Structure formats: structure tokens, C-alpha cells
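Colleague: A structural model of the following input is requested.
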Amino acid sequence: MAIQAHISNSGLVVFGGGCQDDNAYGFNNLRCNHANSNPESPTDHHLSIPHVISAQFQNQRIQIDHYLNTQNERLRMALQEQRRRQAALLARSYESKIQSLLEQRDDEISRAGRRKMELEECVRRMEMERVTWQRFAQESEAMAASLRTRVREAEAEDAGSCCVERAREGEPQSRKMVCRCCNSRESCVIMLPCRHLCSCRDCDAFLDCCPVCNVPKKASLEALF
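Modeller: Below you'll find the predicted structure:
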């Protein structure tokens, strides 16, 4: 690249551009103007021009480096901002998905908790029913054993006095065990809670209360002799 130089009273200014003839003309003017304004020896004149041109090139390199560094810094900042925006956009996208997954998980946990409470309540009711039926079975078994004992005692007492009873009343012993409803079949059902042995198996299905004391029937047991 050709160089044009112009020397003024304030110093030297270097400009780039121009053709080869302009370059020659510029150096000729440089030599003439420098000779007229500052009369020096030819040796000093030839020694000062390269130093001025070198300093000007050095200054231009510094300016170019500064410009390149500035552009690089701007590019770096722009890329950094672009990456930051992309990361923020990606984070928002993942945050929305994660929030949806967390809500689904919370719903599942809530449903599981409600289901667990329902199962625990069901187990508790079943346990209470089991205890109730177990206690009822134990009470019924104890009641049946007591009734069997009373029946055996009554039979033993009746056996000891059957002759006197028959002679006095003139009726067979089997009449004492007859059903109080049909008066034909043998009594084999015990009414609860009064514990009267007063009904046969067929009549028990139609009885709502004891035919002896009229106490409401809650349950009945068949006495096995």
C-alpha cells in the first residue's frame, strides 16, 4: 500500500491509499516542504522519515488491536447473553415440566394417603366385628354349657321325684318337655336372653318372644341332648 506524507508546522501526518505516482509525488512534496520549513542536512532528513512512519504504523496497529479487542469483547458479551437467555428459556421449560410432575406426584400421594386411611378404617371395623363376634361366641358357648348343666340337673331332679310327680299329677314326664307353642313336639330350643327351654325347632322360626315370659327374643340356641 502506498503512503502519502504531509509535514506541517505541528508535525507529520500519514495517510494510506493512493497510487504509485501519488506516492512519489507525496514523498517529493514531503522532502520539499520539510526542507523549506526546517532546513536540515540531507542525512537528518532521511533518518527522521522512517521513524515517523514507523510510529504512525505502530499507532495504527494499536488502534486496530483496540478495535478488535472491543469487537471481541462485544461478541463475547453477546454470546454470553444469548447463552444466558437460552439457559433461562430451557430452565423455564424444565421448570414447567417439573412442576407438572410434582403436582402429579402430590396428587398420587394424596390419593394413596386417602386409600390408606380407608383401608385402616376398614381393618379397624373388621377387627371390632371380629372381637364382637368372638365375644358373642364365647358368651353363647358359656350360656349353652350353663343350660346343658341346668338341663342335666333338672333331669336328675325329675328322675328322683318322677314317681311322686306321676302319682300326684297323673301325667307323663314327657309333658314337662313339650313345646309351649304346638304342645305336640319336644322342646329343644332355648330362648335368649331369658334362657327358657320352651320351643321346638319348627316353632322357633315363627317366635318373636319367649312363650313362657314374653321377653323379646334376641337369639335362640338348640339344646343337644
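
Colleague: okay, now the domains of the chain?
Modeller: 3-78, 174-225 (automatic domain parsing).

Colleague: Lowest average pLDDT across these?
Modeller: Of all those, mean pLDDT reaches its minimum on domain 3-78 (a mean of 61).

Colleague: And V123, how far from I98?
Modeller: Remark: distance between V123 and I98 (CB to CB, to the nearest Å) = 36 Å. C-beta: built from backbone N, CA, C; applies to glycine.

Colleague: brain fart, S199
Modeller: Applying CB to CB to S199 and I98 gives a distance of 74 Å.

Colleague: Which neighbouring elements make contact with the host helix or strand of A55?
Modeller: Assigned by DSSP states H and E, A55 belongs to helix 42-160. With contacts defined as 3 or more CB pairs under 8 Å, 6 or more residues apart in numbering; DSSP states H and E, helix 42-160 has these neighbours: strand 3-8, strand 11-16, helix 20-37, strand 189-192, strand 219-222.

Colleague: Tell me which of S199 and I98 has more neighbours.
Modeller: Just comparing S199 and I98: by other CB atoms under 10 Å the higher neighbour count belongs to S199, 27 against 11.

Colleague: can you pull the contacts of the more buried one?
Modeller: By CB atoms under 8 Å, 6 or more residues apart in numbering, S199 lies in contact with C179, R180, C181, S187, C188, V189, M191, L207, P211, S220.

Colleague: top of the residues you listed by neighbour count?
Modeller: Neighbour max across these (other CB under 10 Å) = M191, 24 neighbours.
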